[in-house]
Each structure stands twice: as C-alpha cells, then as structure tokens.
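>>> fold the stuff below for me.
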Amino acid sequence: MDVHNAFLHGDLEEEVYMKLPHPFRHSHPDKVFRLRKSLYGLKQAPRCWFNNDSYMLQKFKHYLGKCSSMKDLGKLKYFLGIEVSRGSEENFLSQRKYALDIVADSGNLGSRPADTPLEQNHDLDDDDGPLLTNPTPYFVHVLSQFMQELREAHWEAALRVVKFLKGSPRQGILLCADSDLSLTVYCDSNWSSCPITRRSLSAFVVLFGGSPIAWKTKKQKIVSHSSAEAEYRAMSMTLREI
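Take a look at the predicted model:
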C-alpha cells in the first residue's frame, strides 16, 4: 500500500526541532519549531508507523479501502520488475519475469542460451560490416558506445546478451536474516581494455552481510600508463562509493 500521509500522524517521542521557513527566519532569528508529529525525511517517521499494533493497522487499511480505491495487496511478491520470494530465514530478489520478457520481445525464446554476455576478446571496435537498418531495439552498456554508427555485428553482440539472460533468468540476490552484517568490498580494473582510446575499466561490488548491495563498472576518464595505475584508480572509485 502506498499511503501518502501515513507518516504525518505519528507522535514523536524525541525532541526534534526544525528551522523556521525562510520568510520568518529574518524576523525571528532566535526561534525554531518543535515538531509534535513525524514528517517525511525524519528517521523517526517509519518508526512511528511501525509502532502501531497489527489490529490498528488492519483497521486503518480497512478504513482506507472504504474511503478510496486503495486496497491491501498482502505481502510483497512483485514490484517494479523485481520478484520477491520469501522463506523463513531469507528473502530472494530476482528479475526472472523481466528478463524473460526481454528474451520474448527480441524473438529469442527458441535460441540456445549463451554462457557469457559478451565474447572475451571481441573486435567490435574494428568492425566495418554492414550498418544496422533498424537501430531501435539496440541497447546495453559496453555496446552503447557504438550508438552513433550501429552495425550488424553490434546487433549480434546485443542478441548474445539476450541469450545469456535466457540461460540465467533466475539469478538474483539472497538476503539472509542471520547474516553477520559485515561490509565486504571487491574491486578490479582491466588495463587498456578499450582498443580505440586505450582507457581502462574500473569495477567494484559491495557486499553487506554476504548480499550484494552496490556494483558498478565504468571506463576510466583518462589513460592509465600501467596496470598498477589503473588498479589505484579502481580502488579510489571504490573507496568513494564506500
């Protein structure tokens, strides 16, 4: 349920003060507001909401259903393309349906799955084959650098990504209740990976309690003159993320 004013009626137990709005600040520079009710942006706001007992929550949901078309959909199962599978000690997040929809839209339901999303030593940068007649369905990260002059080889590489999705639609993120909540970070670089600009790639993944919560791969802005320099740039990007 999405209740826009759900956070506006909780009583605050702590003393929380707010600066006066701009028009009143000049005439009363030594005064502030003390908040009696919770507001969006306060860390106390969701606490106030969850402090209600289950009976009052059900009564409130029933009241909302009578006043408007809002209704209780029960426990979260699917939201914004993400499927949620619940267990007694863990939750599993995946995009199985979303991935299969991409495979179906591209007409690759009957194709053989690919083991990797992209060939390891591809030569897409040097390809001078025929241009792609319909670039509308084209997409995806590394391949997006060819958007200005799409060729059929680039489209074949994009379809390989789709075939990789077909073989791994149930890949997801496992969130365990008994994790130790430690922060683990891995970073790496691929020196001089771009054959045209000779720029390197930086990559990292952040695990919290064993579950990935952030990850990124990005081409470095300047050319690194050694693999060690590329590694340091990757570590610098990762430390900023942490």
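>>> wait, isn't residue 18 in contact with residue 36?
No - no contact is recorded between residue 18 and residue 36 when judged using CB atoms under 8 Å, the distance being 11.0 Å. C-beta here means a position set from N, CA and C on the backbone, and glycine is covered the same way.
>>> mean confidence for stretch 84-95?
The average pLDDT within stretch 84-95 is 89.
>>> list of residues touching it?
Outside stretch 84-95, the residues that touch it by CB atoms under 8 Å, 6 or more residues apart in numbering are 75-78, 81-83, 169-178.
>>> buried set for that stretch?
91, 94-95 (16 or more other CB atoms under 10 Å).
>>> also stretch 28-46?
Judged by neighbour count using 16+ other CB under 10 Å, the buried positions of stretch 28-46 are 38, 42, 44-45.
>>> what of stretch 211-218?
Residues of stretch 211-218 classed as buried under the neighbour-count rule (16+ other CB under 10 Å) are residue 211.
>>> out of the buried residues of stretch 84-95, which are inside strands?
Using DSSP state E, the members of the buried residues of stretch 84-95 that fall within strands are 91, 94.
>>> just name the closest of the buried residues of stretch 84-95 to residue 108, please.
Checking the buried residues of stretch 84-95 against residue 108 with CB to CB, the nearest one is residue 95 at 16.6 Å.
>>> after the helix or strand of the chain with the lowest mean pLDDT, next one along is what?
Least confident helix or strand of the chain, by mean pLDDT, DSSP states H and E, is helix 44-50 with a mean of 73. Using DSSP states H and E, the helix or strand that follows helix 44-50 towards the C-terminus is helix 54-67.
>>> list the buried ones in that following helix?
Buried positions in helix 54-67, judged by neighbour count with 16+ other CB under 10 Å: residue 64.
>>> and the strands in this protein?
Per DSSP E, the chain carries strands over the ranges 17-19, 32-34, 78-79, 82-86, 90-94, 172-176, 183-190, 201-208, 211-219.
>>> and residue 26, how many residues sit next to it?
Burial measure for residue 26: 8 neighbouring residues, criterion other CB atoms under 10 Å.
>>> now it, what are its backbone angles?
Per-residue torsions, residue 26: phi -70, psi -40 (degrees, to the nearest 10).
>>> mind checking how far it is from residue 20?
Using CB to CB, to the nearest Å, we find residue 26 at a distance of 9 Å from residue 20.
>>> hang on, the earlier thing: of the contacts of stretch 84-95, keep whichever come out buried.
Buried by 16+ other CB under 10 Å: 82-83, 169, 172, 175, out of those.
>>> show me where the protein dips below the pLDDT cut-off.
Low-confidence segments of the chain (pLDDT under 70): 1-9, 40-41, 49, 69, 71, 139, 141-142.
>>> domain assignment for it?
If you go by automatic domain parsing, the domain ranges for the chain are 6-67, 96-167, 179-241.
>>> dump those domains to TSV, plus distance to residue 87.
Shown next, in TSV, are those (distance: least, CB to CB, whole Å):
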stretch	distance to residue 87
domain 6-67	22
domain 96-167	16
domain 179-241	14
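>>> so what sits opposite the residue nearest to the spatial centre of the chain in the bridge?
With distances taken as CA atoms, centre = their mean, the residue of the chain nearest its centroid is residue 214 (7.5 Å). Going by DSSP bridges, residue 214 is paired in beta bridges with residue 206.
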